[in-house]
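Colleague: what's the 3D shape of this:
(chains A and B, ligands or ions: 2)
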Amino acid sequence: MLTFQFVSTVRLGIKSLMLHKLRSALTMLGIIFGVCSVIAMLAIGEGASYEAQEAIKNLGSNNILLRSLKPPDQARQQGGSSPRGMQLAYGLTYEDGARLQSTIPGVNRVLPMRIIRENVRFDRNEVPCQVIGTLPSYMDVTGAGIVRGRFLAHLDEQHAENVCVITTGLARRLFPHLDPMQHAVKIDTFYYRIIGILQERSQPEQRSQAGAMEGQPLDNNVYIPLSVSRTRFGETLIRRSAGSFEAEEVQLHQITVQMQDLAAVETADPQIRTLLGRFHDQNDYEIIVPLQLLRQAEQTKRIFNIVLGSIAAISLLVGGIGIMNIMLATVTERTREIGIRRALGAKRRDITTQFLVETVVLSVGGGLVGVLVGVLTPLVVSQLTTMKTIVTVWSVLLAFGISGAVGIVFGLYPASAAAKLDPIEALRHE
Amino acid sequence: MPADSAIIRIRGVEKRYVLGGEADVLALRGVDLDVEAGSYLAIMGPSGSGKSTMLNILGCLDRPTAGQYFLGGEDVSRMPDDQLSEARGLKIGFIFQSYNLIAQLTVLENIQVPLLYQGKDVRSHFESCLELAKLVGLGDRLHHRPSQLSGGQQQRVAVARSLVNNPLMILADEPTGNLDSKTGQEVLDLIDRLNQAGKTIVLVTHDDRVASRSHRVIHMKDGLIDREVVNRPLGPRASDSPS
Ligand SMILES: Nc1ncnc2c1ncn2[C@@H]1O[C@H](COP(=O)(O)OP(=O)(O)O)[C@@H](O)[C@H]1O
Ligand SMILES: [Mg+2]
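Modeller: Ligands and ions are numbered 1, 2, ... in the order given. Okay, the predicted model is just below:
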């Protein structure tokens, strides 16, 4: 019986709202925009931070990355006048690696890498690549996965075997029709036998390096034993730029320090800075702590959500005020109806319910449309742009819940104003 | 205490409108009145004599500032608002001068409104609502809106609506005031028939011909009952069955 009464109250509410279709629709617009913007903005924010966090997580949150940097210009002048002559020597060294391993507490592994840009050839195909000289522990430290064959082994390193592992993308480009396994690719003047194919995860540190060389796919990596990289390519690279030769001596391009746990990452960060600072008199390296980046990203996201939340709250507030305004007008307009209903036995709370239901129908109706538009908007955005968007269930529930709450909060005052009317006065109202 | 067949028993009822100091209006100044079950009472009097105030108190729309009002044996003069609402819905049927139908509802829905507030299931009362609509001659107009009806038809819907909860009595404030004499006659005939069927009627009017249909007329003046005229005795049938 109660539910029947409720259903007929809702039906009555809809009926009364339908009497003024345009007015009701305009009133709902405020809520529609509010709900829609909550969902859409949260979806875009969520998508952006998801991408950032994924990228950072791929670096490994237990890792600390050290990268060689070409020092700024004036430092280079000093380097030029160094005992090594015209040759510019900078960057991380094997000694750095050894010192890190022996002095920093909580270090699990220290993974050195030499990253050299070379063209890799097979048959008539030639692809510009990063030739990465590294150790077998690369797999554990980066969490990369082998698709076929195996990764570099200790024996390869010890015997300086001319073997290599290539990424899936490179395999596709070099061997469009062939099975690459056991074929040999040519790098510079030497041949390397392919022993495995690696599924590379997106790695921003390589991405940024590749970004320097325009138009390069990110996933053209060849992995060779570190010892091979050292002997085949040497430590001095000669680069031709703007008509002049420039020689660079870099021992290691990157060192990834894998810590035992997150706590060790925190304590090791300043220690590593101090240690490296003592042995490098020029600013020729950078330290990247993915954990910190992750924290920053999370912090940014939190701030982003607060800002979005405030914007959404304001737009819903405005929508709510619009609803209240209209409902107050409606109550005045329908004073006589209120008087009639009171004379026919309606209690105060019946009148409250009637107007509250009407307000909630407005706001929830607006909420439903807003959810629909709000779910569609991110879809359209990610279709038209490269932005990733994620519509989370909680954002939809939140937006919808708020719209309902707005209806109740802003409907309460007009409804109680209606219920407080004196029946006799109300009946006399024209 | 108030035994017998008096459906309305009023003792020393005062109504003071507080406007501040000397400006207060004493609209009723100690009225005593008994109304027998099944009787037909007309209230007359000059404008401002307190008729409407009286009817509002009888209809539980308002409370007296002093005195007592027993409705069907129950003291309603001090009831809280919710109970008054319930008393209005259950025991009283209103007929207003300006019909007071709800514009967005159909004839049938208007008749059903008082059911809603008693928590009654409208569907299970459909038959009785249909009966009422037929009784007032609007069985074929169930789904019309008030704006599609003539004044007389609207007032007949109001009569049907006043009966839907089978109240103790019907209160009518100048029910024919807005109608031409012919349609007014029809509505008054309808009210006569209700009274003959045992309903207690209290009706406010300016018109002697309307008042002449009642058993008893009270004339009010300055918030008091000035004089009382008995037109005809209460029929035996109504006084035998006070329900
Ligand atoms: N709400 C009110 N506030 C102040 N005075 C009122 C109010 N309602 C009625 N009165 C006064 O009470 C007296 C009786 O009014 P009413 O009962 O409406 O008379 P009638 O219906 O007989 O014309 C009048 O003097 C009127 O001015
Ligand atoms: Mg009056």
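
Colleague: Give the buried residues for stretch A:183-194.
Modeller: Within stretch A:183-194, the residues that qualify as buried by neighbour count (16 or more other Cβ atoms under 10 Å in any protein chain shown) are A:Val185, A:Ile187, A:Tyr192, A:Ile194. Just so you know, the C-beta spots here come from the backbone N, C-alpha and C atoms, and that holds for glycine as well.

Colleague: Name the surrounding residues that touch that stretch.
Modeller: A:118-122, A:129, A:131, A:149, A:162-166, A:174-175, A:180-182, A:222, A:224, A:228, A:232-233 (Cβ atoms under 8 Å, 6 or more residues apart in numbering or on different chains).

Colleague: how about 6 Å then?
Modeller: A:Glu118, A:Val120, A:Arg121, A:Phe122, A:Val131, A:Asn162, A:Val163, A:Cys164, A:Ile166, A:Pro180, A:Met181, A:Arg232 (Cβ atoms under 6 Å, 6 or more residues apart in numbering or on different chains).

Colleague: taking those one by one, which sit in strands?
Modeller: A:Glu118, A:Val120, A:Arg121, A:Phe122, A:Val131, A:Val163, A:Cys164, A:Ile166 (DSSP state E).

Colleague: Tell me the one of the buried residues of stretch A:183-194 nearest chain B?
Modeller: A:Ile194 (80.1 Å; Cβ to the nearest Cβ).

Colleague: hey, what's that closest one bridged with?
Modeller: A:Cys164 (DSSP bridges).

Colleague: likewise the one 5 residues further on?
Modeller: Assessed by DSSP bridges, A:Gln199 has beta-bridge partners A:Gly145.

Colleague: burial count for it?
Modeller: A:Gln199: 13 surrounding residues under other Cβ atoms under 10 Å in any protein chain shown.

Colleague: A:Gln260 too?
Modeller: With other Cβ under 10 Å as criterion, A:Gln260 counts 14.

Colleague: show me what contacts it?
Modeller: A:Gly106, A:Asn108.

Colleague: and the buried residues of stretch A:183-194, which of them are in strands?
Modeller: Per DSSP E, those map to strands at A:Val185, A:Ile187, A:Tyr192, A:Ile194.

Colleague: re the thing from before, buried subset of the contacts of stretch A:183-194 as a ChimeraX selection?
Modeller: Of the contacts of stretch A:183-194, the buried ones can be selected in ChimeraX as follows, counting by 16+ other Cβ under 10 Å:
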select /A:118,120,121,122,131,162,163,164,166,180,232
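
Colleague: So which of the contacts of stretch A:183-194 is the closest to chain B?
Modeller: A:Ile166 (75.9 Å).

Colleague: doesn't A:Asn220 make contact with the closest one?
Modeller: No - counting by Cβ atoms under 6 Å, A:Ile166 sits too far from A:Asn220 to count as a contact (8.4 Å).

Colleague: residues in contact with B:Ser49?
Modeller: Counted by Cβ under 6 Å, 6+ apart, B:Ser49 has contacts B:Met220, B:Lys221.

Colleague: which SS class is it?
Modeller: coil (DSSP: H, G, I helix; E, B strand; the rest coil).

Colleague: any idea how far it is from B:Ile201?
Modeller: Going from B:Ser49 to B:Ile201 by Cβ to Cβ, to the nearest Å gives 20 Å.

Colleague: B:Asp62 too?
Modeller: 20 Å.

Colleague: now swap in A:Gly145 and tell me
Modeller: In terms of Cβ to Cβ, A:Gly145 sits 93 Å off from B:Ile201.

Colleague: higher neighbour count, those two?
Modeller: Between A:Gly145 and B:Ile201, counted using other Cβ under 10 Å, B:Ile201 has the larger neighbour count: 23 against 11.

Colleague: got a list of what the residue nearest to the more buried one when sequence neighbours are not counted touches?
Modeller: Leaving aside its sequence neighbours, B:Ile201 sits nearest to B:Tyr40 (Cβ to Cβ, 6 or more residues apart in numbering or on different chains; 4.5 Å). Residues near B:Tyr40 by Cβ under 6 Å, 6+ apart: B:Asn195, B:Ile201, B:Ser214, B:His215.

Colleague: if you set the cut-off to 8 Å instead, what comes out?
Modeller: Taking Cβ under 8 Å, 6+ apart as the test, what B:Tyr40 contacts is B:Asp192, B:Asn195, B:Thr200, B:Ile201, B:Leu203, B:Arg213, B:Ser214, B:His215, B:Arg216.

Colleague: What is the burial count for the closest residue to chain B within the stretch 151-300 of chain A?
Modeller: In the stretch 151-300 of chain A, the residue that lies nearest chain B is A:Thr300 (52.6 Å; Cβ to the nearest Cβ). A:Thr300 has 14 neighbours, counted by other Cβ under 10 Å.

Colleague: With A:Leu384 instead?
Modeller: 8.

Colleague: same question, A:Ile132
Modeller: Neighbour number of A:Ile132 under other Cβ under 10 Å is 22.

Colleague: Run through the bridge partners of it.
Modeller: Here A:Ile132, judged by DSSP bridges, has bridge partners A:Ile115, A:Tyr223.

Colleague: Which strands and helices lie in contact with the helix or strand harbouring A:Asn58?
Modeller: Per DSSP states H and E, A:Asn58 falls inside helix A:21-59. The contact analysis (3 or more Cβ pairs under 8 Å, 6 or more residues apart in numbering or on different chains; DSSP states H and E) places helix A:21-59 against helix A:204-212, helix A:290-333, helix A:348-384, helix A:393-420.
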